[in-house]
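Visitor: What shape does this take:
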Amino acid sequence: MGKIAEMDSAEIFLPEETRLIKKSLDIREQMVDKLIEDGIPKDTRKIRVINEVLNSIDSLVLGKVDRRLKHGENQNQQDMVELVKEVLLAVEKQKTSVGPIEIPEIEPLSPDELVPGEDKIEYEELDISDFTD
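Guide: Numbering: from 1, shown residues only. Coordinates of the predicted model:
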């Protein structure tokens, strides 16, 4: 079996698909080896056949690489989801319950403690004499 046909694709293809791809690649490699066993032929028809077979091998190999890369991207994304999930669960476990927050009662302010205008919503014009009495 040829070197290209031995590429690992067990994670991407079903066993029967892998077998057929390997068989197809092996036959194509044998065809090319047979056609060029005496060197590169001078007959343009044979050159065309070799070129077409090599192009089909390239297409198949590139397709397998593309699928493997996409499979790897999907796996990386799944791994990242699991990692984020673990981090969020760890953070949740580390949280401590604070319980209800007690708000102390504040004594109401006496009018003597208020600054002029502090207890009113509307705009009031003040001058220095309002503060110096």
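Visitor: count of residues packed around residue 28?
Guide: 19 (other Cβ atoms under 10 Å). Every C-beta, even on glycine, is put in place using the N, C-alpha and C of the backbone.
Visitor: OK, contacts around it?
Guide: When contacts are counted by Cβ atoms under 8 Å, 6 or more residues apart in numbering, residue 28 touches 53, 56, 57.
Visitor: Quick check: which element contains the second one?
Guide: Assignment of secondary structure by DSSP states H and E places residue 56 within helix 44-94.
Visitor: hang on, the earlier thing: can I get the buried ones among the contacts of residue 28 as something I can paste into PyMOL?
Guide: Those of these that count as buried under 16 or more other Cβ atoms under 10 Å are selected in PyMOL with:
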select buried, resi 53+57
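Visitor: re earlier: what about the helix holding residue 56, average pLDDT?
Guide: Taken as a whole, helix 44-94 carries a mean pLDDT of 82.
Visitor: what's the helix or strand for the closest residue to residue 60 other than its chain neighbours?
Guide: Leaving aside its chain neighbours, residue 60 sits nearest to residue 25 (6.5 Å; criterion: Cβ to Cβ, 6 or more residues apart in numbering). Element membership for residue 25 (DSSP H and E) is helix 15-35.
Visitor: between that helix and helix 44-94, how many degrees?
Guide: If you take axes from the mean of the first three to the mean of the last three Cα atoms, to 10 degrees, helix 15-35 sits at 150 degrees to helix 44-94.
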